[in-house]
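> Test case, fold it:
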Amino acid sequence: MNTVPISFEFFPPNTPVGDEKLKTVVQELGALKPEFFSVTYGAGGATRDKTLATVSAIAKAGFEAAPHLSCVGSTRQNIAEILATYRAQNIRRIVALRGDLPSGTATAGEFRYASELVRFIRETQGDDWQIEVAAYPEYHPEQRYAARDLQHYADKVKAGANAAITQFFFNPDAYFHFVEQTRKLGAEAPVVPGIMPFHNFSRIAQFAQRDGIEIPRWVAMKMEGFMDDAASIRAFGLDVITALCERLIAGGAPGIHFYTMNQSALTLELCRRLKLGA
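Model (predicted):
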């Protein structure tokens, strides 16, 4: 087996059926002994209670859970209250994000950048938190200049982040270049690639377009050519993502973080092919 650590991301389910399905997925993926499961958090804390409930359920199932925490639109007091809630549940791992400005909100609140959130956690909570932050190998979609985006990332690491998880990508050269450039800025924290299996090509293509992520033209053309042939889309998608992960692992990636979309089948198959997990 590969000794590369793995982790998985979920979003909080919206229905009781979704809750039950996620319990099964947690057990299936948990059998691979991941380092942790992360749970997303809506804009402006829209899913705050659901995130907490999902994180609590994962922790009760015996796994390490890492809630996302976005700071835009929040106050220091309200972030401190959320952290106190997690601390009371013995949760000490967080994915610290700026987050998107909620629709109709004129101000960003007391935090403008994720680096300010990381610094706040370190100054008020100490060092007993494992803090992951986001990294963008193809640069943040709102950032016009690559150099500025790299500096924002370095600021997060210097503020106290332990590690980073990237936005999903399909170009390994973008990842290796990002790591090389941020090392030059003194950001030595491990950068874990975030990997999105092709659960649904049209949906992922929408995400990619929205976030400025390049899907190689040959991949898009082949996917579109399969039309409604689900079996071919699945098989080709698995081959593409397997090759991507192999290249990343061979190049020294310190782990693999899978965006599961609350499903287990594709991620389980990828881990089997890559010999990842228990």
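
> Could you use CA atoms for every contact and neighbour count after this?
OK.

> all helices in the chain, in order from the N-terminus.
Under the criterion DSSP state H, helices of the chain are mapped to 16-30, 48-60, 76-88, 114-125, 146-158, 172-184, 201-211, 217-225, 230-250, 265-274.

> Just the CA trace of the first one, in PDB.
Taking C-alpha atoms only, helix 16-30 is exported to PDB below (Å, rounded to 0.1, in the frame of the first residue of the first chain):
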ATOM      1  CA  PRO A  16     -32.800  13.100   6.700                       C
ATOM      2  CA  VAL A  17     -32.300  10.700   3.700                       C
ATOM      3  CA  GLY A  18     -29.000  12.500   3.000                       C
ATOM      4  CA  ASP A  19     -28.000  12.200   6.700                       C
ATOM      5  CA  GLU A  20     -28.500   8.400   6.600                       C
ATOM      6  CA  LYS A  21     -26.700   8.100   3.200                       C
ATOM      7  CA  LEU A  22     -23.700  10.000   4.600                       C
ATOM      8  CA  LYS A  23     -23.400   7.700   7.600                       C
ATOM      9  CA  THR A  24     -22.900   4.800   5.200                       C
ATOM     10  CA  VAL A  25     -20.400   6.800   3.100                       C
ATOM     11  CA  VAL A  26     -18.500   7.700   6.300                       C
ATOM     12  CA  GLN A  27     -18.200   4.100   7.300                       C
ATOM     13  CA  GLU A  28     -17.200   2.900   3.800                       C
ATOM     14  CA  LEU A  29     -14.500   5.600   3.400                       C
ATOM     15  CA  GLY A  30     -13.500   5.300   7.100                       C
END
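
> Check the gap between the spatially closest residue to R247 that is not a sequence neighbour and F111 for me.
If the residues on either side of it in the chain are set aside, R247 comes closest to P172, at 7.2 Å by C-alpha to C-alpha, 6 or more residues apart in numbering. Separation of P172 from F111 (C-alpha to C-alpha, to the nearest Å) stands at 32 Å.

> tell me which residues of stretch 235-244 are tucked away?
The neighbour-count check on stretch 235-244 (16 or more other C-alpha atoms under 10 Å) flags F236, G237, L238, I241, T242, L244 as buried.

> Show me the contact partners of it.
Identification of contacts with stretch 235-244 by C-alpha atoms under 8 Å, 6 or more residues apart in numbering yields F170, N171, P172, I195, M196, P197, F198, M223, L266, L270, R273, L274.

> run the last query once more with 6 Å
F198 (C-alpha atoms under 6 Å, 6 or more residues apart in numbering).

> Figure out how far it is from the centre of its chain.
Relative to its parent chain, stretch 235-244 has a centroid offset of 19 Å by C-alpha atoms, centre = their mean, to the nearest Å.

> Output it in CSV with nothing but the alpha carbons.
The C-alpha coordinates for stretch 235-244 follow below in CSV (Å, rounded to 0.1, in the frame of the first residue of the first chain):
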residue,chain,number,x,y,z
ALA,A,235,-14.3,4.5,-16.9
PHE,A,236,-12.5,7.4,-18.7
GLY,A,237,-12.9,9.7,-15.7
LEU,A,238,-11.3,7.1,-13.4
ASP,A,239,-8.4,6.7,-15.8
VAL,A,240,-7.8,10.5,-16.0
ILE,A,241,-7.9,11.0,-12.2
THR,A,242,-5.8,7.9,-11.5
ALA,A,243,-3.1,9.2,-13.9
LEU,A,244,-3.3,12.6,-12.2
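
> mean confidence score for it?
What stretch 235-244 shows for mean pLDDT is 97.
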